[in-house]
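Participant: Give me a 3D structure for the following:
(one chain, ligands or ions: 1)
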Amino acid sequence: MAEMIVNGERVSAASGATAEVRNPSTGAVVDTVPLAGAEDTRRAIAAAQSAFAAWSALSGARRGQLLIRASQNVRAHLDEVAGLLTDEQGKPIRDAHIEAERFADNIELYAGLVTAGAPHGKHVPLPTRRAMGLVVRRPLGVVGAIIPWNFPLTLLANKIAPAMAVGNTVVAKPASTTPLATLRVAELMLEAGLPPGVLNVVTGPGGVVGEELISNPLVRKIGFTGETSTGIQVARRAADDLKHVTLELGGSDAAIVCDDADLDVAARGISIGRFFNAGQACLAIKRVFVFEAMADELVERLAARASRLKLGDGHDPRTQMGPLHSARQRTEIEEQLADAIEWGGRVVAGGQRPTGEQFANGHYFEPTIVVDVPEGARVWREETFGPLLPIMRVRDLDEAIQRANDTEFGLGSSIFTRDLAKAQRAIDELEAGYTWVNAVQIVEDELPFGGTKHSGYGKEHGTEVLDYYTEQKSVVMAGI
Ligand code: NAD
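Facilitator: Modelled structure (predicted):
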């Protein structure tokens with residue numbers, strides 16, 4: 001049985017309760033984890049609070065050194081960590097490997113930045129004679145990191161790397177269905193010398209562990225990634241204690257394909273953008289708007305690509321797309337597809353659960369493309385969190401941008417064109433935290449990432465994230 005990490009120790013839940021973690025490809029039990037309650041969470045918060053004074057007092061260079069040593073121990077166990085991620089999440093092993101590696105990259109990036117002195121304060125000349133103005137930055141204290149199941153390690157690193165690097169301590173709560181890789185990386189970091197209490201991991205339900213993190217006054221910041229509806233609840237509850245909050249929520253990213261687009265580039269990009277991680281990505285392409293002149297050709301190419309994708313168990317190295325993460329996730333996609341068909345939509349690829357013995361116990365669904373779906377259908381209004389892509393024909397860029405923005409979400413967006421003027425308009429007018437030109441989903445740690453509208457607020461990545469894990473204090477030094 002896996003155990004939680006609290007104050008540098010591996011612990012069970014005080015109640016002794018446990019929960020099973022199942023493999024989405026086979027339904028088999030992978031392992032069991034403690035099912036924590038509020039008391040366990042409070043213990044972890046207290047450990048993080050005790051560790052804060054010493055951790056935040058270390059120089060940035062020393063924290064950086066400890067974090068790099070910790071991440072190198074994760075690198076030394078990449079195969080094992082990636083294997084756990086595939087077991088619990090269902091994603092292809094190659095993608096799990098990249099995710100585990102990027103976890104270490106992210107830790108090292110922020111370790112490097114603080115080693116080099118970030119986040120910098122500043123000196124501000126003041127009009128008052130012989131007085132000097134300074135802005136100094138301080139860590140916030142205990143940070144609660146609440147993580148969903150689609151990219152358990154990436155989304156964990158996005159929070160804990162900057163948080164710990166600048167001197168905060170953390171209590172992380174992975175999704176109930178994907179705790180194993182998280183527990184293992186935390187354990188590896190501790191074994192490599194990360195001080196006890198700096199990183200704690202508590203496994204249990206969002207309504208219990210998450211709720212305690214949000215309401216406990218010792219926690220000063222919540223970094224949350226998940227559904228918009230949960231994020232709104234988190235923001236409401238956190239407001240009672242005026243906690244700092246970063247919310248990375250749902251998305252319904254549009255890709256616009258203009259009449260001058262390179263169709264090879266567009267079809268390849270959109271196919272990866274939609275079907276990577278079985279479509280379960282916040283930044284997945286969830287709606288396509290294509291100029292009339294290119295529509296037939298694009299649909300044909302995307303349908304051909306979708307039909308060629310190899311489905312299977314994530315551990316099979318030939319697998320390009322794994323199962324959906326849960327039965328609930330698959331049902332939701334099936335219901336959204338049925339609704340699109342009811343509205344008159346035509347399925348041009350996929351649309352079914354694949355048949356065959358190897359798919360019998362997993363939550364598989366074929367990569368699916370649907371056309372001629374009128375606006376009003378659920379696929380245009382809701383987030384589709386699975387391998388289902390609606391494509392709509394548009395007259396021109398005006399209509400494409402208007403439709404792309406006609407959503408409550410504002411996370412990512414893409415445009416495929418060779419015309420700089422069209423690209424410029426998309427950059428200016430698409431309501432989103434990211435716009436890619438002739439690309440999709442290139443998310444590097446170096447650029448700030450975060451949504452607008454109901455996709456959330458606050459930034460992860462870049463040096464900008466450091467603003468969200470520190471507070472600024474103004475200082476006036478007056479001459480005597
Ligand atoms: P979810 O909101 O159901 O759960 C996310 C986390 O919140 C889990 O750890 C869960 O246990 C916890 N939680 C649930 N209820 C809670 C509560 N009342 N208080 C505190 N914590 C609670 O989301 P999910 O289904 O795990 O993830 C998929 C969603 O996440 C999609 O909408 C996706 O777009 C979004 N997402 C966003 C980003 C981004 O960066 N914007 C990245 C990945 C996923």
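Participant: which SS state does the residue of the stretch 1-150 of the chain found nearest the ligand fall under?
Facilitator: In the stretch 1-150 of the chain, the residue found nearest to the ligand is residue 148; the distance is 3.0 Å by C-beta to the nearest ligand atom. Yep, even glycine has a C-beta here, placed from its N, CA and C like the rest. Following DSSP: H, G, I helix; E, B strand; the rest coil, residue 148 is assigned to coil.
Participant: same question, residue 118
Facilitator: coil.
Participant: Quick check, pLDDT for the residue of the stretch 1-150 of the chain closest to the ligand.
Facilitator: Note on residue 148: pLDDT of 98.
Participant: how about it, phi and psi?
Facilitator: phi -90, psi -170 (degrees, to the nearest 10).
Participant: ok, now which ones touch it?
Facilitator: 155, 175, 225-227 (C-beta atoms under 8 Å, 6 or more residues apart in numbering).
Participant: go on, residue 13?
Facilitator: Contacts of residue 13 by C-beta under 8 Å, 6+ apart are 4, 34-37, 40, 204.
Participant: Now render those as JSON lines, adding distance to the ligand, neighbour count and secondary structure.
Facilitator: Shown next, in JSON lines, are the contacts of residue 13 (distance: C-beta to the nearest ligand atom, whole Å; neighbours: other C-beta atoms under 10 Å; DSSP: H, G, I helix; E, B strand; the rest coil):
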{"residue": "4", "distance to the ligand": "14", "neighbour count": "25", "secondary structure": "strand"}
{"residue": "34", "distance to the ligand": "15", "neighbour count": "26", "secondary structure": "strand"}
{"residue": "35", "distance to the ligand": "12", "neighbour count": "20", "secondary structure": "coil"}
{"residue": "36", "distance to the ligand": "11", "neighbour count": "28", "secondary structure": "coil"}
{"residue": "37", "distance to the ligand": "14", "neighbour count": "18", "secondary structure": "coil"}
{"residue": "40", "distance to the ligand": "15", "neighbour count": "26", "secondary structure": "helix"}
{"residue": "204", "distance to the ligand": "8", "neighbour count": "25", "secondary structure": "coil"}
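Participant: Which two among the residues you listed are spaced furthest apart?
Facilitator: Taking C-beta to C-beta as the measure, these span a maximum distance of 11.5 Å, between 4 and 37.
Participant: ok, back up a step: and the gap between the residue of the stretch 1-150 of the chain closest to the ligand and residue 10?
Facilitator: Noted for residue 148: a distance of 24 Å to residue 10, by C-beta to C-beta, to the nearest Å.
Participant: For the stretch 1-150 of the chain, list the residues in contact with the ligand, please.
Facilitator: Contact residues (C-beta under 6 Å from any ligand atom) of the stretch 1-150 of the chain with the ligand: 146-150.
Participant: Which among these count as buried?
Facilitator: 146-150 (16 or more other C-beta atoms under 10 Å).
Participant: And the helices in the stretch 101-250 of the chain, which stretches?
Facilitator: 152-165, 180-191, 211-215, 228-239 (DSSP state H, counting those that start in this stretch).
Participant: So for residue 283, which of those helices sits nearest?
Facilitator: The nearest among those, by C-beta to C-beta, is helix 152-165 at 11.0 Å.
Participant: does the closest residue to residue 104 other than its chain neighbours sit in a helix, a strand or a coil?
Facilitator: Nearest residue to residue 104 in three dimensions, chain neighbours excluded: residue 71, at 4.3 Å (C-beta to C-beta, 6 or more residues apart in numbering). What three-state DSSP gives for residue 71 is helix.
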